[in-house]
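Q: got a sequence here, can you model it:
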Amino acid sequence: MGEHLSEWLSVQSGLFDTREGNTLSADDRKARFYLERIAEELIEGRETFTDERWDILEQALRNEPGIVEEEIDRLLTTRALSGIRGMVDRLVDLSKLERVKIPSNQTANYVREAARSYMYGLYQASAAMSRVALEQALKEVLGRQGIEDFKPFQVLRREAEKKGILDGVTGPAACKIAKDASKVIHQGPTDAKGALAILDGSRGLIVQIYKAGNSQAARRKGP
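A: Have a look, this model is predicted:
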C-alpha cells in the first residue's frame with residue numbers, strides 16, 4: 001500500500017517549514033518563535049476562558065492581523081494534518097449504521113454530530129450528542145418530537161417499554177447508555193474507548209428503536 005495522502009502532505013508541510021526557516025536570519029527566527037507563541041495563546045484564548053493577560057495578545061492581532069492570522073493558519077494546518085490519521089482510525093472503528101427507517105432531520109443531525117465529534121477526537125461532545133440522538137429517536141418513534149412538553153429520559157424509556165418500542169433487553173441498555181453519557185457530561189471526561197462504547201451503543205439502540213417502531217406501525221395497519 002502506498003503512502004497516505006495525509007502523511008505525504010504532513011511531510012511536505014514539514015519540508016516547507018524547514019526550507020522557510022533556513023532562509024530566515026537569527027533575528028527573524030527569534031521573531032518567528034515569539035509569533036508562534038502568540039498564535040498558540042490566541043488559539044487557546046478562543047477555546048477556553050481567558051483573563052487580562054490576553055489583552056496584549058488581542059492587541060497584537062488587531063495591530064498586525066495579516067501576520068498573526070498567517071501564523072494561526074500555519075499552526076492549525078499543521079495540527080489538522082497531524083490529526084488526520086487518528087481521525088481515519090476512529091472512523092474505521094465505527095460500525096456501519098443500518099438504515100431501517102429514514103430518520104427525521106433532527107435525529108439524523110444529532111447522530112451525525114455524535115459520529116463526527118468522535119472522529120475529531122471530541123469525546124465529551126460525542127458522548128453528549130450520542131445521548132441526545134438516542135433521546136430524539138425515542139421521541140420521534142413515540143410521536144413526541146417537536147412537542148414543547150419536556151419529558152425526562154426515564155419517562156420516555158418507560159413509555160417506550162409500555163408501547164413495546166423497548167423490551168427487557170433494549171430498555172436496560174438504553175438506561176445504561178444514558179447513564180454513562182450523563183456521567184461524562186456531569187462528572188468527568190472520557191477517553192476514546194469510553195466515547196466509542198457510548199456512541200456504538202446508542203447507534204445500535206437507535207436501529208432497534210426504529211425496527212420496533214416499524215413493527216408497531218405495520219401491526220396498526222393490519223394485513
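
Q: now residue 102: how far from residue 95?
A: Residue 102 sits 19 Å away from residue 95, going by Cβ to Cβ, to the nearest Å. Backbone N, C-alpha and C define where each C-beta goes, glycine included.

Q: buried ones in stretch 45-63?
A: Residues 45, 54, 57, 60-61 are the ones in stretch 45-63 that count as buried (16 or more other Cβ atoms under 10 Å).

Q: meant to ask about stretch 152-168, not that
A: Buried residues in stretch 152-168, counting neighbours by 16+ other Cβ under 10 Å, are found at 153, 156-157, 159-161, 165-166.

Q: run through this protein and note the low-pLDDT ranges.
A: 1-2, 217-223 (pLDDT under 70).

Q: ok, 90 please
A: Across the chain, the ranges flagged by pLDDT under 90 are 1-72, 74-75, 78-87, 91-104, 144-151, 187-189, 211-223.

Q: show me where it has helices.
A: Per DSSP state H, the chain carries helices over the ranges 5-22, 26-47, 54-63, 65-93, 105-119, 123-142, 153-162, 170-186, 192-221.

Q: okay, these, which one's buried deepest?
A: The highest mean neighbour count among the helices of the chain, using mean count of other Cβ atoms under 10 Å, belongs to helix 123-142: a mean of 24.

Q: okay, the angle between it and helix 192-221?
A: Using axes from the mean of the first three to the mean of the last three Cα atoms, to 10 degrees, one finds that helix 123-142 and helix 192-221 are set 10 degrees apart in direction.

Q: and helix 123-142, what does it pack onto?
A: Helix 123-142 is packed against helix 105-119, helix 153-162, helix 170-186, helix 192-221, with contacts defined by 3 or more Cβ pairs under 8 Å, 6 or more residues apart in numbering; DSSP states H and E.

Q: circling back to that earlier point, for the buried residues of stretch 152-168, which one is nearest residue 26?
A: If you rank the buried residues of stretch 152-168 by distance to residue 26 using Cβ to Cβ, residue 153 comes first, at 61.1 Å.

Q: how close does that closest one sit to residue 137?
A: Residue 153 is 12 Å from residue 137, by Cβ to Cβ.

Q: again, but for residue 124
A: From residue 124 to residue 137 the distance is 21 Å (Cβ to Cβ).

Q: next: residue 85.
A: Relative to residue 137, residue 85 is positioned 32 Å away (Cβ to Cβ).

Q: for residue 145, give me its contacts.
A: Applying Cβ atoms under 8 Å, 6 or more residues apart in numbering to residue 145 gives the contacts 104, 106-107, 136, 139.

Q: could those residues go into a markdown table alongside distance to residue 195?
A: Shown next, in a markdown table, are the contacts of residue 145 (distance: Cβ to Cβ, whole Å):
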| residue | distance to residue 195 |
| --- | --- |
| 104 | 24 |
| 106 | 22 |
| 107 | 20 |
| 136 | 19 |
| 139 | 23 |
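
Q: out of the residues you listed, the closest to residue 177 would be?
A: Using Cβ to Cβ, the contacts of residue 145 come closest to residue 177 at residue 136, 13.4 Å.

Q: for that closest one, which non-adjacent residue is closest in space?
A: The shortest distance from residue 136 to any non-neighbouring residue, by Cβ to Cβ, 6 or more residues apart in numbering, is to residue 107 (4.4 Å).

Q: in terms of contact, does that neighbour touch residue 134 like I think?
A: No: using Cβ atoms under 8 Å, residue 107 is not in contact with residue 134; the gap is 9.4 Å.
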